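Asks: coords below, sequence missing:
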């Protein structure tokens, strides 16, 4: 079971200890410290703004307030409460099977670190994980859900297995990227080896426009892959030939982790991004006939992503 004991099935998982790091926000350019803390069973994932007196925002799809180049959580009635670039740490928490945790920051954006989820996986491994009494649930998709905008689309389909499966396809004019496709059966092992280390990327021609718009102010070659035509500008090159599409699937795992419970479904993305990923969850929860909650003890471990309590029906 990829590191999980059979007796853990149906129990909720959190961190054994608190752990932290310091980095820079890729869009804000601000230095920010982040700490991951254990949480009681049933807490879910909460983001806490230490610099705003401990104000908290639940990591849920309906708290997404912006999707320009990253996923931003917030409170529409209180615009000062924002937490940007949550997708990489959310992917790491989901990929490591964490149900309950508090992510504490002293600024408005999660630090980008090396541009992937691997540093957050390292932090979780250093802190250790443990199970606690409390009902772990899986969100099973039972009817197809699809959203589309132009040539881009994303969908969730029922999955006959007990895993979350994901596939993604991208196509860029830049020769260094081109057309790429990847598919992963996202067990915790599959996430670590297939997706966690894939870094965010940008086209060199877009960088100045992004900075003029107040974005990518903290981005550089230490935390993003930058492409110019056929060339990768990073001195170390790529971590794997299809790193670009693997990062897009990593982003999707983080965005779908805002569901509120691990997904039992097959996800497919075609040139989609944060906005479509969030629209996909909104459409899913708008159709009560498209999903149901099932006890994780009845399904098994290995799915990755999380459901707002307000939407939860009786568990089978």
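Replies: Everything's here; your move. Note that the structure is predicted; figures quoted are calculated from it, not measured. Residues are numbered from 1 along each chain as shown.
Asks: distance from stretch 117-125 to the middle of the chain?
Replies: The chain centre lies 13 Å from the centre of stretch 117-125; the measure is CA atoms, centre = their mean, to the nearest Å.
Asks: so which bits of that stretch are buried?
Replies: Residues of stretch 117-125 classed as buried: 117, 118, 119, 120, 121, 123, 124 (neighbour count, 16 or more other CB atoms under 10 Å). For every residue, glycine as well, the C-beta is placed using N, CA and C.
Asks: among those residues, name the ones in helices.
Replies: 118, 119, 120, 121, 123, 124 (DSSP state H).
Asks: residues contacting the fourth one?
Replies: It stands for residue 121. With contact set as CB atoms under 8 Å, 6 or more residues apart in numbering, residue 121 has these partners: 92, 95, 96, 192, 196.
Asks: where does it land on pLDDT?
Replies: Here, the pLDDT recorded for residue 121 equals 98.
Asks: likewise the one 10 residues further on?
Replies: You'll see residue 131 listed with a pLDDT of 93.
Asks: gap between it and residue 295?
Replies: Applying CB to CB, to the nearest Å, the value for residue 131 to residue 295 is 15 Å.
Asks: what element comes up after the helix or strand that contains residue 244 heading to the C-terminus?
Replies: Residue 244 is part of helix 243-256, with elements assigned from DSSP states H and E. Using DSSP H and E, the helix or strand that follows helix 243-256 in sequence is strand 263-264.
Asks: mind listing the strands for the stretch 51-200 of the chain?
Replies: 55-58, 64-66, 72-75, 78-83, 101-105, 129-132, 137-141, 145-149, 152-157, 165-171, 179-185 (DSSP state E, counting those that start in this stretch).
Asks: export those as CSV, with columns for distance to residue 31 and mean neighbour count.
Replies: Output for the strands of the stretch 51-200 of the chain, formatted as CSV (distance: least, CB to CB, whole Å; neighbours: other CB atoms under 10 Å):
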stretch, distance to residue 31, mean neighbour count
strand 55-58, 20, 17
strand 64-66, 21, 18
strand 72-75, 19, 19
strand 78-83, 16, 15
strand 101-105, 11, 23
strand 129-132, 28, 17
strand 137-141, 36, 24
strand 145-149, 35, 16
strand 152-157, 34, 20
strand 165-171, 32, 21
strand 179-185, 33, 16
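Asks: now the weakest link among those strands, please, by mean pLDDT.
Replies: Among the strands of the stretch 51-200 of the chain, strand 78-83 carries the lowest mean pLDDT (a mean of 90).
Asks: now do that one: everything it contacts.
Replies: In this structure, residues lying in contact with strand 78-83 by CB under 8 Å, 6+ apart are 47, 49, 52, 55, 57, 65-66, 72-75, 105, 108-110.
Asks: out of the residues you listed, which one sits closest to residue 202?
Replies: Proximity of the contacts of strand 78-83 to residue 202 (CB to CB) peaks at residue 109, which lies at 16.5 Å.
Asks: burial count for the closest residue to the closest one other than its chain neighbours?
Replies: For residue 109, the nearest residue in space outside its immediate sequence neighbours is residue 25; the separation is 3.3 Å by CB to CB, 6 or more residues apart in numbering. Neighbourhood size, residue 25 [other CB atoms under 10 Å]: 22.
Asks: if we can go back for a sec, could the strands of the stretch 51-200 of the chain be laid out in JSON lines, adding distance to residue 247?
Replies: Compiled in JSON lines, the strands of the stretch 51-200 of the chain are given as follows (distance: least, CB to CB, whole Å):
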{"stretch": "strand 55-58", "distance to residue 247": "25"}
{"stretch": "strand 64-66", "distance to residue 247": "19"}
{"stretch": "strand 72-75", "distance to residue 247": "18"}
{"stretch": "strand 78-83", "distance to residue 247": "20"}
{"stretch": "strand 101-105", "distance to residue 247": "21"}
{"stretch": "strand 129-132", "distance to residue 247": "25"}
{"stretch": "strand 137-141", "distance to residue 247": "24"}
{"stretch": "strand 145-149", "distance to residue 247": "20"}
{"stretch": "strand 152-157", "distance to residue 247": "16"}
{"stretch": "strand 165-171", "distance to residue 247": "9"}
{"stretch": "strand 179-185", "distance to residue 247": "10"}
